[in-house]
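*Asks:* Provided below are the primary sequence and the corresponding predicted coordinates.
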4 protein chains.
Amino acid sequence: MLTKTEEPKVMRDVIHGYIHIDLKIIWDLIDTKEFQRLRRIHQLGGDFQVYHTAEHSRFSHSLGVYEVVRRMVSEVKDLRETLDEKEKVYVMIAGLLHDIGHFPFSHAFESICDISHETFSSRIILGNSEIHDVLAKVDENLPEIIAGIIRYTYPNELLNQIVSGQLDADRMDYLLRDAYFTGTSYGAFDLERILRTIRVKDGKLLVKESGIHSVEDYIMARYHMYWQVYYHPVCRSYEIVLQKIFERMRYLYHNDFDKIKHLTMFLPFLDGEPTIYDHFYLDENAALYGISQLTKIDDQIAADLANRLLNRKLFEYEDVHKPEDEQRIQEEVKKSGYDLSYYCIMDTTSQSPYQPYGEKRGHVIWVLGDDKKIAELSTKSVIVQSLVKGDTKKECKIFFPKLI
Amino acid sequence: MLTKTEEPKVMRDVIHGYIHIDLKIIWDLIDTKEFQRLRRIHQLGGDFQVYHTAEHSRFSHSLGVYEVVRRMVSEVKDLRETLDEKEKVYVMIAGLLHDIGHFPFSHAFESICDISHETFSSRIILGNSEIHDVLAKVDENLPEIIAGIIRYTYPNELLNQIVSGQLDADRMDYLLRDAYFTGTSYGAFDLERILRTIRVKDGKLLVKESGIHSVEDYIMARYHMYWQVYYHPVCRSYEIVLQKIFERMRYLYHNDFDKIKHLTMFLPFLDGEPTIYDHFYLDENAALYGISQLTKIDDQIAADLANRLLNRKLFEYEDVHKPEDEQRIQEEVKKSGYDLSYYCIMDTTSQSPYQPYGEKRGHVIWVLGDDKKIAELSTKSVIVQSLVKGDTKKECKIFFPKLI
Amino acid sequence: MLTKTEEPKVMRDVIHGYIHIDLKIIWDLIDTKEFQRLRRIHQLGGDFQVYHTAEHSRFSHSLGVYEVVRRMVSEVKDLRETLDEKEKVYVMIAGLLHDIGHFPFSHAFESICDISHETFSSRIILGNSEIHDVLAKVDENLPEIIAGIIRYTYPNELLNQIVSGQLDADRMDYLLRDAYFTGTSYGAFDLERILRTIRVKDGKLLVKESGIHSVEDYIMARYHMYWQVYYHPVCRSYEIVLQKIFERMRYLYHNDFDKIKHLTMFLPFLDGEPTIYDHFYLDENAALYGISQLTKIDDQIAADLANRLLNRKLFEYEDVHKPEDEQRIQEEVKKSGYDLSYYCIMDTTSQSPYQPYGEKRGHVIWVLGDDKKIAELSTKSVIVQSLVKGDTKKECKIFFPKLI
Amino acid sequence: MLTKTEEPKVMRDVIHGYIHIDLKIIWDLIDTKEFQRLRRIHQLGGDFQVYHTAEHSRFSHSLGVYEVVRRMVSEVKDLRETLDEKEKVYVMIAGLLHDIGHFPFSHAFESICDISHETFSSRIILGNSEIHDVLAKVDENLPEIIAGIIRYTYPNELLNQIVSGQLDADRMDYLLRDAYFTGTSYGAFDLERILRTIRVKDGKLLVKESGIHSVEDYIMARYHMYWQVYYHPVCRSYEIVLQKIFERMRYLYHNDFDKIKHLTMFLPFLDGEPTIYDHFYLDENAALYGISQLTKIDDQIAADLANRLLNRKLFEYEDVHKPEDEQRIQEEVKKSGYDLSYYCIMDTTSQSPYQPYGEKRGHVIWVLGDDKKIAELSTKSVIVQSLVKGDTKKECKIFFPKLI
């Protein structure tokens, strides 16, 4: 597992300068076809419809997560000394592979096929794949170990936290990367300083009290990215049209199969029993090619929705403040001859900057006080405490086609 | 043509801060399906196989070119005063649409189907397209005018130069953009300063003598981008594998048609008579989906090459210094059982930083001297003169599969 | 007043790209000796003792404020249309000159000589200075107008707000500039977007509801800069040593005059009646040269403190949580033989991110709601509301020499 | 010498992110008063008169050089393995201290007092200084070793090259730093990549052939910084006025001593026998305070020149193409009543991008070819070869006061 590459390799990266690789297993994993597939899936789904430069892939992000983990286990003294050499490799691999099960368009697609991407990540790592072969060749228990860290069930919880806690490598990379590619300043925070203030105590990942300001900045960065990018109404509109396309395909699958039987890339998912082979071939190219074929079929709704998605004739939206708003719009949409179940959709989003309780899986940020005691972040930060006590921002919108 | 949008619109852009749009015609053109298609074609073809963050599209670049043109005609005093209001719109439109005819993978594909992307740009602008409709609705001569500027045949040569001269908006955007997305510093040059030093005299675009340093920097930026990015051997390898895939498909098309008849997206191009309808549907999603289907067909060479492309098992390469190098490698490749015509390819690249003569279409950079006389750049710049007189860098490589 | 320079001039600036100047009066003001003096005063006083690259001057900042004002009155539609051409020049001048009365080391010095820098700004603008001459030559009322805006007493309150409200050009420049030169990301916020969302209604400067996220980001930027830079304990330590130097000089002035009579640059300020001539000659060079001479005088306390300041042997500090902490340290300092009044100083800092009430002079941020009504920021922003309701961060420290 | 600080220390830096310090001796050297004095000297002398944000000090630059050396000896494998632990510390110290002897305004002042800053660097390191004490306390030979590296006479030439060769840490830091603070892109080059391609062979510092593009970029960066910043005519004008001030002071010193006898900071330098004590007290504050006092003396020429310098009424300039240009201007200047020897100065500047021969002290860049042979850069780089063979850029200007 600790075998080195012949010479240290680097891949230039816009966020981290370089991705540094000197373990053969990491290099081999990147070389697998399942990992290369991530090049063919946009990190932010359809968000490039709003931020046209946000065209980066899950491939770049996955390398970035690996790099942040690598820096954590080699530059953070407490981690370097707490983890043994094998565990360091485990967690680097888990960081690299944590998104391996993703579908195109991410969560929109997930909601259609009722199988989470985490489930597919496990299946790929444990199943018949090039990734499994690379892992098992080195150590037959390795696939199970890696899948465990990704599922947050590995015995040494520290590893799980590094990959998916509140201050994890995943988020640290995607906030910086999404900010760079959207061209917003919102996601920027001080990674160097956070790395310098991470500590380990009692098996917990902590931040030194003197690093609290950087963490406050990071929490605000996250909050702003949600509202300015991830929940941007046009991004929501893209996802909603996409969901409706899949709903319509599912309807046709059960009621008018002949019309879509040639869209072979989607059939296993509509069927409900997709294999990892099906998953491999359903990259974004296949999905969008399928949708472009959909524009040509003899079903008014499916063809129209597919056209809207490809050619950016997305849904409009309006804020809903009271029930009458909803009613009024429904009537207008109906009057224009649209089927409400596909063309009039309520959507509610809410996001609080940070919630210190009630969440499973390490969703709390712990602080190592100047007094050497461990405390939850909001007890130490005036800003975070205010945010925790304050209201949660919530938006309710209704989406529908442009009415003439 | 000069109708404004209801209120000025902006699109956030990582290179220019914002793309500013206040003309209705520009907004309507962006909204056409042919322009939206550019979102589905990578600006740098397969170069993201080397620079993994270079995943930007021709869509972003086209907006960027528009923005540089817009700034030129509004911020460069000589242009603002020389061009009339209509000409300013002409050239902004031409900048926006100059890449509209592009294929996926750009030049690699072009060489296969024997039709240049410029030809398709004209066909789309003049033919049965949403773009043509938007243009012709405003002025029936507009399609012809725009196609003329893109073909460098418009009577007022100044407009042609702005879109495709030596200091054109196209290059200024792509150097900055490609540098940003590859994460290299090579492509960076001082756009602000170049814009401030552009002048017009005798119908020529010129640079003030005091701006020469910025132009030298720009020429070096271009030169370095060629060698470090565009001619990177792994990028070349990707293109070569791609070309061989198309060669093999063409062979099968003529000799074993049944095996590829289901790859409908490629057939019109193999046939040699693609329409703009075929062109519209052949975006990168379709091409890569087609290639992924190719991995499953019953032809060893096609399936193998397609696999190599998708899963990044590209060709290796070696420098060729003398004829024996070539012979030796050919023998080794042959011994491993490969068909040389698909698996052993010589490739020569050369690039000089700047050549002041012999090229058609405004390939000279003119300087407005402190003495108010016009001079060719190399007579004014010690650096450029040295480069013009010096040798041209040339590389000759041979590409072939990894031999075991 | 509206006379142009012969040709538009630019000064390259790291924050704004370029400072654009095309009014003769602005150029002439920059050329005065009182404005050039600002080159000789650090923007952040002694903060470069902590952030060693924070060596920028009030000169650069003043140009930056001018540039932000210039952009506001030309790019913000409501301002462009509300203000007449003369008022636009007034407010640009006021932005340029708002810091003209500053002393070296800013607030530390101010507290010694009991005259605020604002008072000196007025005196210089209204008195016998090159600046006054430039202004009065154009319009004899101009000095009074400019001084009025800076004092926040100009009848059209909009102008006052642009220079010194809650979202003023002063703060917008210094947050970005201080962040750039300290190398922190804390001060970064999205100036472009804020400029795009500023509106005017009922004589008030407002932010459109859709721009609230940028304002939240700006408020957090400000808050973090306070704690991470402006209130950094080592910066406080520098200011405290400086104050004690001046206290000691004042003591000597009254009790042992001969020892400091050669420090002619300080005498008028110790005397209490400094003129603008004295003020002009007291730049940072003079002050630090004077302090370096102080190291050589025959007064143990003055010489020691001066040495500490110049050679960075500043005071240590400890948090004070309870009265006993203070007592304990006082005793230790006394035991080491130090005079407590110069060598043992309590210092309390507090800062809330934003307070919507109780402050004079436009200290509220107003929002123009989607419903076209004007509302105070915290009623529209969940984040800001939380911060307003939450506690105020407060720190109490004691400063004293390193004890051996 | 290898004693660590209690915990690793960092100083945030805009160029390198952080300056990393974990050796006690480095920390102690930074703490000396001679090193702290560098805070009071601008890195680029009076260049901030043109690039108003170029206000950084020799202190920041010296830390930056240290950091580049530190990275070289720890990240460049060949250096890490070639140098022993003590040599690594030697060269880090030499990098840190190489500018310790600098005067205010750098080369302008040097030319007046006929002692080079290198001489003073040696004197300080070897003489009665806090720096000497820190070094000698650790090892009595250390002062001599450090001075040797700075003088390029240390036996292991590799160390000398790291501090002052053609690809030295000094230049690498100042190009990046000066570019950052001037806000130009010219000085940007790819430090990471150069560090990755440095090799050592036969006691020589080399660059791998694959790194040549980065070196070409670096050479061009250097060339452009010379012409755009260091030789900017207004910067030259500042230096010329400064030289004339010192010339006039020297004249008064010998002919009218009473008029300047109170300018005690300058006297030892006019006298010709300055000690390191005099040197210590002549920082930029002292020099500029002295010059501000000069404006008040009863000597028309000295007072006028001092005023010009402080209040930026610098000399104008004109290009000289032929002898008559010079004559004509001299006559005009004379007619206006100016003393030609102080008010009419010819100035010639020339700079070639790179010269591979004839220079002492490692002024050649060596390349480690793909064939493992060592070659001089211009034999490997088409670009550099062109530049070496091409002409040298030369400018001749005459400087004089604005004539009315």
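*Replies:* Sure, I can see it. Numbers count the residues shown, from 1 in each chain, chains lettered A, B, ... in the order given.

*Asks:* Can you get me a residue count around residue A:31?
*Replies:* 14 (other Cβ atoms under 10 Å in any protein chain shown). Just so you know, the C-beta spots here come from the backbone N, C-alpha and C atoms, and that holds for glycine as well.

*Asks:* which non-adjacent residue is nearest it?
*Replies:* Leaving aside its chain neighbours, residue A:31 sits nearest to residue B:312 (7.1 Å; criterion: Cβ to Cβ, 6 or more residues apart in numbering or on different chains).

*Asks:* Residues of the stretch 301-404 of chain A that sit close to chain B?
*Replies:* By the rule Cβ under 8 Å from any Cβ of the partner chain, the part of the stretch 301-404 of chain A lying against chain B is A:310, A:311, A:312.

*Asks:* if we can go back for a sec, tell me how far the residue nearest to residue A:31 lies from residue B:211.
*Replies:* For residue B:312, the distance to residue B:211 equals 43 Å [Cβ to Cβ, to the nearest Å].

*Asks:* Can you name every helix or strand that the lowest-mean-pLDDT helix or strand in chain A contacts?
*Replies:* Lowest by mean pLDDT, DSSP states H and E among the helices and strands of chain A is helix A:107-113, with a mean of 74. Judged by 3 or more Cβ pairs under 8 Å, 6 or more residues apart in numbering or on different chains; DSSP states H and E, the packing partners of helix A:107-113 are helix A:233-255.

*Asks:* Which pLDDT value belongs to the closest residue to residue A:252 other than its chain neighbours?
*Replies:* Using Cβ to Cβ, 6+ apart and skipping the chain neighbours, the partner closest in space to residue A:252 is residue A:260 (5.0 Å). Looking at residue A:260, its pLDDT is 96.

*Asks:* ditto for residue A:266
*Replies:* 94.

*Asks:* Give me the neighbour count for it.
*Replies:* 25.

*Asks:* Also the one 5 residues further on?
*Replies:* Neighbours of residue A:271 under the rule other Cβ under 10 Å: 11.

*Asks:* what's the spatially closest residue to it that is not a sequence neighbour in contact with, if anything?
*Replies:* The shortest distance from residue A:271 to any non-neighbouring residue, by Cβ to Cβ, 6+ apart, is to residue A:253 (7.7 Å). By Cβ atoms under 8 Å, 6 or more residues apart in numbering or on different chains, the contact list for residue A:253 reads A:260, A:267, A:270, A:271.

*Asks:* Show me the two of the residues you listed that sit farthest apart.
*Replies:* A:260 and A:271 (11.8 Å; Cβ to Cβ).

*Asks:* and the stretch 101-250 of chain A, which residues reach chain D?
*Replies:* A:192, A:196.

*Asks:* Where does the stretch 101-250 of chain A get nearest to chain B, residue-wise?
*Replies:* residue A:183 (3.8 Å; Cβ to the nearest Cβ).

*Asks:* ok so, going back, with secondary structure and distance to residue D:244 added, can I get the contacts of residue A:253 in CSV?
*Replies:* Formatted as CSV, those follow (DSSP: H, G, I helix; E, B strand; the rest coil; distance: Cβ to Cβ, whole Å):
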residue, secondary structure, distance to residue D:244
A:260, coil, 87
A:267, helix, 87
A:270, helix, 86
A:271, helix, 89
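
*Asks:* From the residues you listed, list just the buried residues.
*Replies:* For the contacts of residue A:253, a neighbour count by 16 or more other Cβ atoms under 10 Å in any protein chain shown gives the buried set as A:260, A:267, A:270.

*Asks:* Next up, the contacts around the second one.
*Replies:* What it means is residue A:267. Contacts of residue A:267 by Cβ under 8 Å, 6+ apart are A:253, A:260, A:261.

*Asks:* Repeat that for the last one.
*Replies:* With contacts taken as Cβ under 8 Å, 6+ apart, residue A:270 has the following neighbours: A:249, A:250, A:253.

*Asks:* From residue C:79, how far off is the closest residue to residue A:338 other than its chain neighbours?
*Replies:* Ranked by Cβ to Cβ, 6+ apart and with sequence neighbours excluded, the top spatial neighbour of residue A:338 is residue A:401, at 6.3 Å. Using Cβ to Cβ, residue A:401 is found at 38 Å from residue C:79.

*Asks:* Of the two, give the one with the bigger neighbour count.
*Replies:* residue C:79 (24 against 19).

*Asks:* thought that one was touching residue C:203?
*Replies:* No - counting by Cβ atoms under 8 Å, residue C:79 stays clear of residue C:203, with 11.8 Å between them.

*Asks:* So which elements touch the longest strand along chain A?
*Replies:* Counting residues, the longest strand found in chain A (DSSP state E) is strand A:4-13. In terms of contacts (3+ Cβ pairs under 8 Å, 6+ apart), strand A:4-13 is packed against strand A:17-23, helix A:24-30, helix A:58-75.

*Asks:* Now mean pLDDT too, for the ones you listed, in TSV please.
*Replies:* Supplementary listing: the helices and strands packed on strand A:4-13 in TSV, determined by pLDDT from 0 to 100:
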stretch	mean pLDDT
strand A:17-23	94
helix A:24-30	97
helix A:58-75	97
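
*Asks:* Select, out of those, the one closest to residue D:287.
*Replies:* Of these, nearest to residue D:287 by Cβ to Cβ is strand A:17-23, at 40.1 Å.
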